[in-house]
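Peer 1: whatever this is, show me its structure:
(one chain, ligands or ions: 1)
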Amino acid sequence: MDSTTRRGIGMTSERTRRRLVQRLREGGIQDERVLEVIGGTPRHLFVDEALASRAYDDTALPIGHGQTISQPFVVACMTEALIRDGSPDRVLEVGTGSGYQAAVLAPLVGSVYTVERVRALADQARRRLSQLGYRNVHVRHCDGGEGWPEKAPFDAIILTAAPSHLPDALLEQLQEGGRLVAPVGQPGEAQRLEVLEKRSDGLVRQILTDVSFVPMLGGTS
Ligand code: SAH
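Peer 2: Numbering: from 1, shown residues only. Presented below is the predicted three-dimensional model:
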């Protein structure tokens, strides 16, 4: 038995995953597409082996480099907001981290372009997503504040690190009619989960809830 198979035992049982889905449903997630994908995504393969037994708890977990894989409820909530009006073709994610949010988006959209400022995390996520067979996810090591201009415009943009203000470059790379979902706030303070729609006459902003994300940092490492 190889180590991937071994660490799958127990944590990945139907029952464990169903319990997480049930919890998300009770928390208010209604989109069946999102619930189904979360129930089918092997979150235990996106965290360190030592944490695998907690992978289907509804909590954020450390992924090294001072970063975390987001809480499943928050992933579900942001994914639901992003695909509310259909299924966007091209999606930009800022903050690849473990690659889990990208993996949840992959079956629901055309392509995911995801950027990460920490090289080691970007390399690990690229390897992991490729091994797991996600062919429509593309990972780039760069400062996400600049977006991914060569691949723009995007039908949807999701940030999984919190800027104090949304960078102009990201708003410019959002297609008209497109949607951006992001935690916004000063480091150390409560952040608001914002949904922005880019309309011909300007941006329409909706605030969903308070969240707690790692800060979006400038530059790369
Ligand atoms: N979506 C991730 C969550 C990772 S936490 C997951 O599912 O696991 C947020 C990530 O954003 C961290 O990995 C952090 O390094 C990254 N990050 C912070 N500022 C960034 C920036 N300016 N550009 C790209 N990535 C950034």
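Peer 1: residues in this structure within reach of the ligand, list them.
Peer 2: Applying C-beta under 6 Å from any ligand atom, we find that the chain lies next to the ligand at 67-70, 94-95, 97-98, 100-101, 115-118, 121, 143-145, 160-161, 214, 216-217. (Each C-beta comes from the backbone N, C-alpha and C, glycine too.)
Peer 1: among the residues you listed, which ones are in helices?
Peer 2: Using DSSP state H, the members of the residues of the chain next to the ligand that fall within helices are 100-101, 121.
Peer 1: do you know how far the closest residue to Gly66 other than its chain neighbours is from Leu92?
Peer 2: Leaving out its chain neighbours, the residue that sits closest to Gly66 by C-beta to C-beta, 6 or more residues apart in numbering is Val214, at 7.4 Å. Distance of Val214 to Leu92, computed by C-beta to C-beta, to the nearest Å: 18 Å.
Peer 1: residue contacts, the residue nearest to the spatial centre of the chain?
Peer 2: Geometric centre of the chain, nearest residue: Gln101, 2.9 Å, by C-alpha atoms, centre = their mean. By C-beta atoms under 8 Å, 6 or more residues apart in numbering, the residues touching Gln101 are 70, 75, 78-79, 93, 95, 158, 160.
Peer 1: show me the helices in the protein, by range?
Peer 2: Ranges of helices in the chain, per DSSP H, are 3-8, 14-27, 32-40, 72-82, 100-105, 119-131, 168-172.
Peer 1: using CSV, write out every CA atom in the fifth one.
Peer 2: If I follow you right, that is helix 100-105. Output of helix 100-105 as CSV, limited to C-alpha atoms (Å, rounded to 0.1, in the frame of the first residue of the first chain):
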residue,chain,number,x,y,z
TYR,A,100,-7.7,23.2,-2.5
GLN,A,101,-9.9,26.2,-3.4
ALA,A,102,-8.7,25.8,-7.0
ALA,A,103,-9.5,22.1,-6.9
VAL,A,104,-13.1,23.0,-5.7
LEU,A,105,-13.5,25.5,-8.5
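Peer 1: near Glu36, how many other residues are there?
Peer 2: Glu36: 13 surrounding residues under other C-beta atoms under 10 Å.
Peer 1: quick one: pLDDT of it?
Peer 2: Model confidence at Glu36, given as pLDDT, is 97.
Peer 1: want to throw the contacts of Gln101 into JSON lines with neighbour count?
Peer 2: Below are these laid out as JSON lines (neighbours: other C-beta atoms under 10 Å):
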{"residue": "Ser70", "neighbour count": "25"}
{"residue": "Val75", "neighbour count": "27"}
{"residue": "Met78", "neighbour count": "26"}
{"residue": "Thr79", "neighbour count": "23"}
{"residue": "Glu93", "neighbour count": "27"}
{"residue": "Gly95", "neighbour count": "26"}
{"residue": "Ile158", "neighbour count": "25"}
{"residue": "Thr160", "neighbour count": "28"}
